[in-house]
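[1] got a predicted model here, sequence first, then my questions.
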Amino acid sequence: MPQASDWEDAEDGEGDDALRDAGAAALQDAEAAAFETRSAQVPAGGHGARLDRWLVGLAPEFSRSWLQTLIAQGAVQCDGRVQTVASRRLAAGQRITLELRPTAQSTAFRAEPVPLPIVFEDAHLLVLDKPAGRVVHPAAGHWSGTLLNGLLAHHAGAAQLPRAGIVHRLDKDTSGLMVVAKTLVAQTALVRAIAAREVRREYLALAHGRHAPGLVCIDRPVGRDPQSRVRMAVLAGGKPARTDATCLHSVELAQPADGRTTVALPVSAWHCRLHSGRTHQIRVHLASLGHPLLGDALYGGRPALGLQRQALHAARLAFVHPVEGDWRVFSAALPPDLEAAWQALGPWALEAAATILQKREDT
C-alpha cells in the first residue's frame, strides 16, 4: 500500500454559487434531524460561566472554536430557546441542549456530484483534464466540491483507496492533466512510478519578462518560505527540485494601461518538464529566474492578457500503464483563457509549443 512518504507534493492544494449554497442549506436541514443531541442542566458551580466555556465540559470531543461555530449556527438552546452569543452568561438550573453537528473536516470525505472531465478511463485508472478553479483534495477553506468528492461519487471503489486514488495533485488555479488510480494495485504502481521519476509531466506556461530561446535546467531546492507559510521558495535547506524549462518564444506586447495609454508588457512562453513535484515548483523556479507567471500574484506575477489566474497548464502526461504495461501518452488542449493569451503572442508561440510536445510524445 502507498506510504505517506511516497506521495508527491502538489504541483506547482466556481459554478453556480447560489444553487450550491441552496443545496448545502437543504442538505443541512435534512441532516439536522439526524444529529445527536446532548443536554444537561447547569449546576451551581456553572453559574455565571460563559456559554462556550461551559459547553467544553458538555462536549469535550469538540474544540472551543468549533463549539463557538455551533453556537453561531443556532445549534445550542437554553431552556428551549436558541442562543447565538458565545459569551452569554449562564444561570444555575438552566437546561442547555447542544446539537453535535460534525465539523467540516469530518464530513469532507464524502461523495458529491462534482463534474469530472474524463479524458480516458478503464478498470484501473482515470485521466482527467482538471479545470482551473477546481480544488483536488479537501483542505482548509475547501471542505467540499473537490475532485476527491467527485471521485467518491464516480465509482464505489474510490472509498476503499487512500485519497480516493489520487496520486499527484495540481494547484487550484492550474489546469490540465492528472492520473487517478481506481484500484489499489494501480495506485501502488503509479505512486512508485512517480517517486522513481518515471511519469512524464509537461506544462505550458506564460511568464513576465523576455528570455533567450532555449533550455534552462533549473536544479534548485524548494522549501517553505520562512517569511510566509503560504509561499514556497528556493532555499538551501529545501527538498531537491529540478525543472527543465525551455523558453519557446518571447515578445514585447503593448498592454492598455488606461483608456488612452499603453505600457510595455514583455512576455515569454515556456515548456516545462518536471523531474520532481514540489509544491508550486514551476511557479517558484520560473520566479527565481526573474520570470513569475502571468496572473500569479503569490510569486510576483500580475494580471495580464485577460488572465486572473496563474498561466500554467498541464498539457501532456505519459506513463507506463500499471497493469497493461504499455506506454500511454495523453494531451490536453489549452483552455479558452490560456489559448487566448497564447494567441496574443502570435502564431509562432503556439506552433513552437505543439512542436516540442510532439517531439516528446514517444520519448
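    Structure's in. What do you need?
[2] C-alpha from now on. contacts and neighbour counts both.
    Will do.
[3] and the longest strand anywhere in the chain, what other elements does it pack with?
    Longest among the strand segments of the chain by residue count, using DSSP state E, is strand 242-256. Secondary-structure packing of strand 242-256 (3 or more Cα pairs under 8 Å, 6 or more residues apart in numbering; DSSP states H and E): strand 214-219, strand 262-274, helix 281-288, helix 347-359.
[4] can you tell me how far Trp327 is from Glu198?
    Using Cα to Cα, to the nearest Å, one obtains 11 Å as the distance from Trp327 to Glu198.
[5] quick one, which of those two is more surrounded?
    Glu198 (15 against 12; other Cα atoms under 10 Å).
[6] surely that one forms part of a helix?
    No: the assignment for Glu198 (DSSP: H, G, I helix; E, B strand; the rest coil) gives coil, which keeps it out of a helix.
[7] so what's the closest residue to it other than its chain neighbours bridging to?
    Leaving aside its sequence neighbours, Glu198 sits nearest to Phe319 (Cα to Cα, 6 or more residues apart in numbering; 6.8 Å). Phe319 has these beta-bridge partners by DSSP bridges: Arg328.
[8] show me what contacts Phe319?
    Phe319 sits next to Glu198, Val199, Arg200, Trp327, Arg328, Val329 when contact means Cα atoms under 8 Å, 6 or more residues apart in numbering.
[9] compile those residues into a markdown table and extend it with columns for pLDDT and distance to Cys217.
    Below are the contacts of Phe319 laid out as a markdown table (pLDDT from 0 to 100; distance: Cα to Cα, whole Å):
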| residue | pLDDT | distance to Cys217 |
| --- | --- | --- |
| Glu198 | 95 | 18 |
| Val199 | 96 | 18 |
| Arg200 | 95 | 16 |
| Trp327 | 96 | 25 |
| Arg328 | 96 | 25 |
| Val329 | 96 | 23 |
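[10] what separation do you get for the residue located most distally from the centre of the chain and Gln94?
    Computed with Cα atoms, centre = their mean, the residue of the chain farthest from its C-alpha average is Ala44, at 49.6 Å. To Gln94, Ala44 is 10 Å away according to Cα to Cα.
[11] can you check Asp173 too?
    In terms of Cα to Cα, Asp173 sits 50 Å off from Gln94.
[12] over to Ala353?
    71 Å.
[13] if you count surrounding residues, which of these two has more?
    Taking neighbours as other Cα under 10 Å, Ala353 and Gln94 compare with Ala353 leading, 22 against 16.
[14] now what about the longest strand of the chain, what contacts it?
    Contacts of strand 242-256 (Cα under 8 Å, 6+ apart): 209-221, 262-276, 281-282, 285, 304-305, 345, 348-349, 352-353.
[15] next one: that strand to chain centre, how far?
    25 Å (Cα atoms, centre = their mean, to the nearest Å).
[16] list the buried residues of that strand.
    Arg242, Thr243, Asp244, Ala245, Thr246, Cys247, Leu248, His249, Ser250, Val251 (16 or more other Cα atoms under 10 Å).
[17] that one versus strand 214-219: what angle between them?
    Using axes from the mean of the first three to the mean of the last three Cα atoms, to 10 degrees, the direction of strand 242-256 lies 120 degrees away from that of strand 214-219.
[18] helices of the protein, start to end?
    Remark: helices assigned in the chain by DSSP state H are 17-32, 51-58, 64-72, 147-154, 184-195, 281-288, 336-343, 347-359.
[19] chain center to stretch 152-162, what's the gap?
    Using Cα atoms, centre = their mean, the offset of stretch 152-162 from its chain centre is 19 Å.
[20] low-confidence ranges, this protein, go.
    Within the chain, the ranges that satisfy pLDDT under 70 run 1-34, 104-108, 359-363.
[21] so Ile166 sits against Val180, correct?
    Yes: in this structure, Ile166 is within contact of Val180 by Cα atoms under 8 Å, at 4.9 Å.
[22] so what sits against both of the two?
    What both Ile166 and Val180 touch, as defined by Cα under 8 Å, 6+ apart, is the set Gln187.
[23] count of residues packed around Leu215?
    With other Cα under 10 Å as criterion, Leu215 counts 14.
[24] identify the bridge partners of it.
    Under the criterion used (DSSP bridges), Leu215 bridges to Thr246.
[25] return the most buried member of the helices and strands packed on strand 242-256.
    For those, the largest average neighbour count (mean count of other Cα atoms under 10 Å) is found in helix 281-288, namely a mean of 24.
[26] which residues touch that one?
    By Cα under 8 Å, 6+ apart, helix 281-288 touches 11-12, 207, 218, 220, 222, 232-234, 241, 243, 272, 274, 292-293, 296, 299-300.
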